[in-house]
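*Asks:* Got a predicted structure plus its sequence, pasted below:
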2 protein chains.
Amino acid sequence: MFGGLRVVAAGATLITASIPEADLVQLDWRPPVWGDAEGARQLAILTEDSVDEANQRAIALIHSVRPQLSSVQLAADVVPGMVGQILLHSGPPIAWERMCGPMQGALIGATLYEGWAADERSARELLGSGQIALDPCHHHFAVGPMAGVVSPSMPVVVVVDGDRSAFATLNEGLGKVLRFGAFDSEVLTRLHWLREVMAPAINDALIATGPIDITTMIAQALSMGDEGHNRNLASTSLFARRLAPVLASLPNGVQALQFLADNDHFALNISMAAAKLSLDAGADVSGSTVVTTMCRNGVDFGLRVAGTGDQWFTAPVGPADGLFFPGYGPEHANPDLGDSSITETLGLGGFAMAAAPAITRFVGGTAADAIATSQAMRRITVAEHPVFQLPTLGFIGTPSGIDVRKVAETGVLPVINTGIAHLEAGVGQIGAGTVTAPPEVFVQALAALATKHVAVTS
Amino acid sequence: MFGGLRVVAAGATLITASIPEADLVQLDWRPPVWGDAEGARQLAILTEDSVDEANQRAIALIHSVRPQLSSVQLAADVVPGMVGQILLHSGPPIAWERMCGPMQGALIGATLYEGWAADERSARELLGSGQIALDPCHHHFAVGPMAGVVSPSMPVVVVVDGDRSAFATLNEGLGKVLRFGAFDSEVLTRLHWLREVMAPAINDALIATGPIDITTMIAQALSMGDEGHNRNLASTSLFARRLAPVLASLPNGVQALQFLADNDHFALNISMAAAKLSLDAGADVSGSTVVTTMCRNGVDFGLRVAGTGDQWFTAPVGPADGLFFPGYGPEHANPDLGDSSITETLGLGGFAMAAAPAITRFVGGTAADAIATSQAMRRITVAEHPVFQLPTLGFIGTPSGIDVRKVAETGVLPVINTGIAHLEAGVGQIGAGTVTAPPEVFVQALAALATKHVAVTS
C-alpha cells in the first residue's frame, strides 16, 4: 500500500490520539448530573441491566427502520389530524402569545397562504383569537425546519416504511422564506409555486423512479462532506442527479431541476422526515432512557424519551453560537428554533460533524473541532449507527441514540448544528452555528424515568 | 464554540501529530538519490537560489491558469495535429509492438470506430503496418485516462484559458469500455452514441450556461470527499445538477442526464483536461525542477519537467497495489496505465487523498493512510495549491508542484491513484489502487537538469 512509503497505518484510535493528551474524559469531566445530589440518586436507580436492555431494544427498533421517500402530497390529504383550520409548528407545544417573532411570522404567512386572512393584521387577530388550532409537528408524525410551519394545503414529502409514515414540507431554499418567519408576497408566491409546480413534478418523478431509500442517500452523503443537517450539498446533488433524467421528461421538469440546482438544502427536509420516521419506532419502549425527540420552538427546547413516551421535558433554549452574516451579530439572534435537531437525535448533524470538516467554515470551529465533537457525542450515545459511517474515524458508525443517563453522568450535552434566525418576524436567516441542548431537560427526564422505573419495578 | 465542551482546538499541526512519533521524515528517511553518489552530486549542483526562483515562477504560472470548460467538439476539428489517420494514446511515446494488451485493444477499437478496418484482424495488421500514426496525447495538448486513445472523430471536452486549450475524450463509464482495452460492439455502439447524442447535448448545454470554471468545481468536490482522480462522485454530481435544468430542455437531454446519473466518473476527464491546461503553462520554464507531466502507457512511466521542456524521462512502470474485483488478482494486472496522473501532477488524486478518506474503501488503506499520504506529498512539492484545499488538514492547499530535487533528496515518490486494467485486451477494469512513480525517471531528470544547469550558468 502506498508504494515505497513507510507510514504508520492505524484506524480510529490514531485519530483519537490526535487530540493532545487524548482523553476527552479528562478534559471534559464534571460532577454527575451537574452536581445535583437528587439527580445522582436517580441516576443510580437507573443503572440496572433492564435499562440497558430496554435501550438496546429501543435503538434496535430505531435502526431497523429504512425510510423510503415515496411521494409528495398535500398535508391535508396525508398528515393525520390536519382537519379544518390547523397549523403545525416546530418544537414542543407553545401558545401563540409566547411564541418568538420568526414563528409568529411563519404562522401569519401560513394563514395568508391558506386564505384565512387577507393581511398581516387580520392574520394576527385570527391567530391570537385561538380559532386556528396550533399544534407541534411532532404530534402529527411531521417535522419542520426552523419555524416548521405546516398548513393543510402545503405539499409534504411522504417518507414511509411498511405502514408507517412521516412528513415534512418542501425546503424553500435560502433568502426570504417562511421558515425564518418571512411572509411577504415573495414568500407566498414561492409557496404557491412549490404546491403547483415543484410538488407535482417531484411526485411524478418518484412515481417513475419508485421510492428512494433515504438511509442509503444519507450514508453516501456522509462520505461526501455532508453531516445531514446544516450541510446538504451532497445529498441534494445526489437526489437531483438521480431524479434529473425523469424530471427532464415531465412538463415542469426544467423548473423543478432549476430549483434543485439553486437550493443546496433541498434534501434536508427529506432527511428530517426520515429521521423522524426512524425515531418514532422507538417512541414508546418501556424502561428505555434513549432520547426520541429533540426540538426547539424558539423559546423552549423540547425533549422526549422512549421510556416516557409522549411526555415533553422542556426548558428555555438559548441562541446558537456561530458565524453571522455581515451586518448581524448575537444581539439579533433568536433563541434556537426548529425540529431539524431530529437529525442529531438519530446521529446526524452535530453528531456526524467528523464527516463534514468543511462545515466548520459555516458554523465556526476547525476540522479538529468537528472530529472532537463526534468523538464527544460517542460518550452520550448507546450505539453506532449501522449504516451512517464516519470515514475520517475509520468508518465507525455515527454516534446514535442519546442516553439520558449518559448525558446526566458526563454532563456532555448534545451538540446541534443550526441556522440562526433574526429575532424579528420576516427578516430571515442571519447566520449558522451550533447550540447545545439545555441540561434542565435531561434533569427533568432523569427524574421522570427514575420515578417510573421505581413504580414499575417495585 | 461547541457549547460546554472543552476540547483542544488546533489545525493541521494537530493532525500531523496524530501520526505516532509524528515525524514522517524520521519514519521515511533514506539516503538522498537512493544512495547514488553521482545523483547526490547533481542534487548539490541544483541547490542554488536560481532554481528555487525558477520553481516559484513555474508554479505561479501553473496556478495562474483558471481552466474553463467551454465546449465539446470533434477531435479532428479542435485538437492540433489530428490530421489523416492518426490515433493518440496515453503515456510517453511507444511503438505498437511494445504496447500492452489494453492499449493495443483500445487502438484496435478506435480503428474500427473510425471505419479504417472492418475487423480485429485487419485492424491489427493496419496498426502493425505503421500506416496509422500513433502519438502520445500529451504531444497534442490532450490527455486520456487508461489507454487514453483519441481518434479524429471522437468528441473531446475543450477546456480553455485565454487562447490556450486542452482536450480529453468523454468518459465512457465503467464496464466494458475502450479505455480499458475493450473493443466489442457494445463499446463501439457507446462511442457512437457519445458522438451522436451525448457530445451535442453537453455542448448545447454549455452554450446555454456559458463556460464552467473547473477550478471551482474541483475545489468544491474536494470538500465533498472527491480527491479528483479515482473518486469523482461529487464533481460529477455537481456538474450534472448544474447542467440538468438546461439539458432538460434539449432534445436528447433525458438520455444525457441518464448517462450522467449512471456514470460516477464523468467529471474525471474534464478535471484531467483542466489539470493538463494548468501544467502546460509551466511546461517550459528554464531552470525549474518542477514536474509538468507524469503519465504511463502500460509499459513505461513518462516524466517531463519544466526546465527540460518536451524531453521525456521514462522507465518501466509496475502494476498498482490495491483492491481487486472478485475473481481477479495481481497476476491479472497490467502495469499502470493512463494520463490521469496529470491530476497528481497538479496536486489532486494521491496528493489530495486527505480530502477523500472514503476512497480507501476503493483503493485500500485506512483514513489515516489517506491523511499520511497527503502529508508525505507535502515533502516533495514546492507549494500549496491556492484553491484546492484539504478540509481535514485545516484547509491547507493540496501539495502542488512536484520538485524533482525533493523527490531525489527524500526518496519519497509521488503516489498516484489509479484503476487496474486486465493484462489482456478487451477484459477491462479489474480493480483500483495506488502506484508510485519509479525512481529511475527522477534520477534521469536530475542528471539532465544538472547538466543543463551547468551549461547555462557556466
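*Replies:* Yep, that arrived. Just so you know, these numbers come straight off a predicted model, no measurement behind them.
*Asks:* Could you chop chain A up by domain?
*Replies:* Annotated domains of chain A cover A:12-64+A:282-457, A:68-276 [automatic domain parsing].
*Asks:* Among those domains, which comes closest to residue B:454?
*Replies:* domain A:12-64+A:282-457 (45.5 Å; C-beta to C-beta). (Each C-beta comes from the backbone N, C-alpha and C, glycine too.)
*Asks:* Below-threshold pLDDT in chain A: ranges please.
*Replies:* When residues are selected by pLDDT under 70, those of chain A lie in A:1-29.
*Asks:* Just want the most central residue of it.
*Replies:* residue A:340 (2.3 Å; C-alpha atoms, centre = their mean).
*Asks:* Tell me the spatial nearest neighbour of that one, not counting adjacent residues.
*Replies:* Excluding the flanking residues, the one nearest residue A:340 by C-beta to C-beta, 6 or more residues apart in numbering or on different chains is residue A:145, at 4.6 Å.
*Asks:* now do residue A:448
*Replies:* residue A:308 (5.2 Å).
*Asks:* I'd guessed that neighbour sits against residue A:446; true?
*Replies:* No - the criterion here is C-beta atoms under 8 Å, and residue A:308 misses it with residue A:446 at 10.4 Å.
*Asks:* For those two, indicate the residue with more neighbours.
*Replies:* Neighbours of residue A:308 and residue A:446, each counted by other C-beta atoms under 10 Å in any protein chain shown, are more numerous for residue A:446; the result is 28 against 22.
*Asks:* How about the contacts made by that one?
*Replies:* A:33, A:39, A:42-43, A:46, A:404-405, A:408 (C-beta atoms under 8 Å, 6 or more residues apart in numbering or on different chains).
*Asks:* so which of those are also by chain B?
*Replies:* Among those, no residue lies close to chain B (C-beta under 8 Å from any C-beta of the partner chain).
*Asks:* By neighbours, which of those wins?
*Replies:* So for the contacts of residue A:446 (other C-beta under 10 Å), the most neighbours sit at residue A:404, 31 neighbours.
*Asks:* I figured that one was touching residue A:287, is that so?
*Replies:* No - the pair residue A:404 / residue A:287 is not scored as a contact, 12.0 Å apart, by C-beta under 8 Å.
*Asks:* can you list the residues of the stretch 201-350 of chain A near chain B?
*Replies:* Residues of the stretch 201-350 of chain A lying near chain B (C-beta under 8 Å from any C-beta): A:220, A:223-226, A:233-234, A:236-238, A:240-242, A:244-245, A:247-249, A:253-255, A:257-258, A:260-261, A:321.
*Asks:* and residue A:383, that one's in a strand?
*Replies:* Yes - counting by DSSP: H, G, I helix; E, B strand; the rest coil, residue A:383 is part of a strand.
*Asks:* right, and it touches residue A:397 too?
*Replies:* Yes - counting by C-beta under 8 Å, residue A:397 is a contact partner of residue A:383 at 7.3 Å.
*Asks:* Where do the helices of the stretch 101-250 of chain A begin and end?
*Replies:* Listed in chain order, the helices found in the stretch 101-250 of chain A under DSSP state H, counting those that start in this stretch are A:101-113, A:120-129, A:185-193, A:199-209, A:214-222, A:233-247.
*Asks:* what would those look like in TSV with mean neighbour count?
*Replies:* What follows is the helices of the stretch 101-250 of chain A, written out as TSV (neighbours: other C-beta atoms under 10 Å in any protein chain shown):
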stretch	mean neighbour count
helix A:101-113	26
helix A:120-129	15
helix A:185-193	16
helix A:199-209	19
helix A:214-222	23
helix A:233-247	26
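*Asks:* nearest to residue A:168, of those helices?
*Replies:* Closest among the helices of the stretch 101-250 of chain A, using C-beta to C-beta: helix A:214-222, at 11.2 Å.
*Asks:* quick one: secondary structure of residue A:41?
*Replies:* helix.
*Asks:* Run a quick neighbour tally on it.
*Replies:* 13.
*Asks:* again with residue A:170
*Replies:* Neighbours around residue A:170, by other C-beta under 10 Å: 22.
*Asks:* Compute the number of surrounding residues for the nearest residue to it once chain neighbours are set aside.
*Replies:* In this structure, residue A:170 finds its nearest non-sequential neighbour in residue A:194, 5.1 Å apart by C-beta to C-beta, 6+ apart. Residues near residue A:194, counting by other C-beta under 10 Å, number 20.
*Asks:* ok, now which ones touch residue A:182?
*Replies:* Counting by C-beta under 8 Å, 6+ apart, residue A:182 touches A:105, A:109, A:176, A:425-428.
*Asks:* related to what we said a few turns ago, the residue nearest to residue A:448: what's it in contact with?
*Replies:* Per C-beta under 8 Å, 6+ apart, neighbours of residue A:308: A:445, A:448-449, A:452.
*Asks:* Could I get those in a markdown table, plus columns for neighbour count?
*Replies:* Below are the contacts of residue A:308 laid out as a markdown table (neighbours: other C-beta under 10 Å):
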| residue | neighbour count |
| --- | --- |
| A:445 | 25 |
| A:448 | 17 |
| A:449 | 27 |
| A:452 | 18 |
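*Asks:* Identify, from these, the entry nearest to chain B.
*Replies:* Using C-beta to the nearest C-beta, residue A:445 comes nearest to chain B of the contacts of residue A:308, at 17.7 Å.
*Asks:* So what does that closest one have for phi and psi?
*Replies:* phi -60, psi -40 (degrees, to the nearest 10).
*Asks:* residues touching it, list them.
*Replies:* So residue A:445 contacts A:289, A:291, A:303, A:305, A:308, A:313, A:404 (C-beta under 8 Å, 6+ apart).
*Asks:* quick one: which of those residues sit in strands?
*Replies:* A:291, A:303, A:305, A:313 (DSSP state E).
*Asks:* Test my guess that the last one contacts residue A:295.
*Replies:* No - with contact defined as C-beta under 8 Å, residue A:313 and residue A:295 do not form a contacting pair (11.4 Å).
*Asks:* so what sits against both of the two?
*Replies:* With contacts taken as C-beta under 8 Å, 6+ apart, the residues that reach both residue A:313 and residue A:295 are residue A:302.
*Asks:* Of these two, which one has the most company?
*Replies:* residue A:295 (31 against 26).
*Asks:* The more buried one in helix, strand or coil?
*Replies:* Following three-state DSSP, residue A:295 is assigned to strand.
*Asks:* Please report how far it lies from residue A:146.
*Replies:* 11 Å (C-beta to C-beta, to the nearest Å).
*Asks:* re earlier: put together CSV for the contacts of residue A:308, with secondary structure on each row.
*Replies:* Formatted as CSV, the contacts of residue A:308 follow (three-state DSSP):
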residue, secondary structure
A:445, helix
A:448, helix
A:449, helix
A:452, helix
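*Asks:* which one of those residues sits closest to residue B:378?
*Replies:* residue A:445 (48.5 Å).
*Asks:* all helices of the stretch 351-458 of chain A, in order?
*Replies:* A:360-363, A:367-378, A:404-410, A:439-457.
*Asks:* got a list of contacts for the third one?
*Replies:* Right, the one you point to is helix A:404-410. Under C-beta under 8 Å, 6+ apart, the answer for helix A:404-410 is A:25, A:28-30, A:32-34, A:39, A:43, A:46-47, A:51, A:289-291, A:305, A:379-382, A:412-414, A:437, A:442-443, A:445-446, A:449.
*Asks:* Okay, strands next: where are they in the stretch 1-150 of chain A?
*Replies:* A:68-74, A:86-89, A:133-136, A:142-143 (DSSP state E, counting those that start in this stretch).
*Asks:* Highest mean neighbour count out of those?
*Replies:* Most buried of those by mean neighbour count (mean count of other C-beta atoms under 10 Å in any protein chain shown) is strand A:142-143; its value is a mean of 31.
*Asks:* Return the list of strands paired to that strand, each annotated with direction.
*Replies:* strand A:164-169 (parallel) (DSSP bridges).
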